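Engineer: Based on what follows, work out the 3D shape:
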Amino acid sequence: METATSYPANPNWPERFGVSQGTVRKAIDELANENLLVRRQGKGTFVSTHDDPRSFFRFLRLASNEGELLRLQSIPLECWRAKAGADVARTLALEPGAPINIVRRLMKFGDEPAVFDEIYLPGELFPDLSLDILNSVAVSMYSLFESRYAVRIIRAEERLRAVSADRVSAELLQVAEGSPCCLSSASRTPMTASPWNGVADFTRLRIFTITTIGVVRGKVSFAG
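Structural biologist: Reported below is the predicted structural model:
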């Protein structure tokens with residue numbers, strides 16, 4: 001299915017796949033639960049896309065103490081190629097020494113820095129990613145991954161813990177070194193699709209993000 005079309009794109013799916021209509025409905029429900037499909041009341045069921053404004057809060061949600069979700073500005077800082085060390089290779093399901101891309105970005109709420117991301121990407125999926133490319137588009141990073149590399153992030157496994165800001169994080173977040181922060185270590189599962197035939201593949205590879213969340217003058221709390 002293309003992201004611009006609604007289900008059912010093909011009314012003969014039960015006959016095509018040799019299953020009952022009930023099995024098709026169950027499969028659609030499971031895909032919706034996995035956020036691969038999104039239901040829009042009165043419009044239908046669509047393939048989810050990171051171009052949807054609602055997807056902005058899908059993996060990272062920061063809220064004010066009043067409960068309002070905060071829209072953050074993403075600022076890419078660095079992007080370079082490297083070889084995966086043992087820990088990163090294991091997390092990304094790569095061989096040690098395999099090519100990877102490392103991206104650092106800062107996310108701001110207004111003029112105040114709130115989040116520092118360090119993102120590890122399999123080089124196989126993002127062969128030409130560079131800081132120039134990240135800075136040349138107005139869409140979100142995940143929208144770029146989807147539109148340029150046919151890689152859509154579908155789920156994340158996340159671990160949170162309290163940490164003290166190290167020197168680099170403290171400088172970027174404009175807090176004192178050692179200040180309390182929230183550290184999120186997330187392994188994200190991408191789905192790839194061939195730009196020629198649109199066939200989806202749940203790749204064995206992973207994307208790993210280390211997110212340091214600072215405090216913006218006491219206004220921000222983490223919304224899971």
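Engineer: Name the next helix or strand downstream of the helix or strand of the chain with the lowest mean pLDDT, please.
Structural biologist: Using mean pLDDT, DSSP states H and E, the weakest-scoring helix or strand in the chain turns out to be strand 200-201, at a mean of 43. Reading on from strand 200-201 to the C-terminus, the next helix or strand found by DSSP states H and E is strand 207-213.
Engineer: For that next one, buried residues please.
Structural biologist: Buried residues in strand 207-213, counting neighbours by 16 or more other CB atoms under 10 Å, are found at 207, 208, 209, 211, 212, 213. To be clear about C-beta, it is placed using only N, CA and C from the backbone, and glycine gets the same treatment.
Engineer: and the fifth one, what does it touch?
Structural biologist: With contacts taken as CB atoms under 8 Å, 6 or more residues apart in numbering, residue 212 has the following neighbours: 115, 116, 117, 163, 165, 169, 173, 181, 182, 183, 184.
Engineer: can you tell me how far the fifth one sits from residue 25?
Structural biologist: The reference is to residue 165. Distance, residue 165 to residue 25, using CB to CB, to the nearest Å: 49 Å.
Engineer: Same question for the fourth one.
Structural biologist: Taken as CB to CB, the spacing of residue 163 relative to residue 25 amounts to 45 Å.
Engineer: neighbour count winner among those two?
Structural biologist: residue 163 (15 against 12; other CB atoms under 10 Å).
Engineer: Between strand 207-213 and the helix or strand hosting the more buried one, find me the angle.
Structural biologist: Per DSSP H and E, residue 163 falls inside strand 151-164. Here the directions of strand 151-164 and strand 207-213 differ by 40 degrees (axes from the mean of the first three to the mean of the last three CA atoms, to 10 degrees).
Engineer: Could you name the helices and strands sitting against the helix or strand following strand 151-164?
Structural biologist: The C-terminal neighbour of strand 151-164 among helices and strands, as given by DSSP H and E, is helix 167-173. Applying 3 or more CB pairs under 8 Å, 6 or more residues apart in numbering; DSSP states H and E, one finds that helix 167-173 contacts strand 112-122.
Engineer: Mind checking the pLDDT average for the helix or strand following the strand it packs on?
Structural biologist: Sequence-wise, the next helix or strand downstream of strand 112-122 (DSSP H and E) is helix 131-135. Averaged across helix 131-135, pLDDT comes to 95.
Engineer: buried set for helix 131-135?
Structural biologist: residue 134.
Engineer: List the contacts of the closest residue to residue 80 other than its chain neighbours.
Structural biologist: Residue nearest to residue 80 in three dimensions, not counting chain neighbours: residue 102, with 5.7 Å by CB to CB, 6 or more residues apart in numbering. Shown in contact with residue 102 (CB under 8 Å, 6+ apart): 78, 79, 80, 81, 82, 118, 119, 120, 121.
Engineer: Can you spell out which residues form a bridge with the closest residue to the first one other than its chain neighbours?
Structural biologist: Counting by CB to CB, 6+ apart, the nearest residue to residue 78 once its immediate chain neighbours are dropped is residue 104, at 4.4 Å. Beta bridges link residue 104 to residue 78, residue 118, judged by DSSP bridges.
Engineer: for the protein, longest helix please?
Structural biologist: Counting by DSSP state H, the longest helix found in the chain is helix 21-33.
Engineer: Show me what that helix packs onto, helices and strands only.
Structural biologist: Checking 3+ CB pairs under 8 Å, 6+ apart, helix 21-33 ends up next to helix 13-17, strand 37-40.
Engineer: other SSEs contacting the shortest one?
Structural biologist: In terms of contacts (3+ CB pairs under 8 Å, 6+ apart), strand 37-40 is packed against helix 21-33, strand 44-47.
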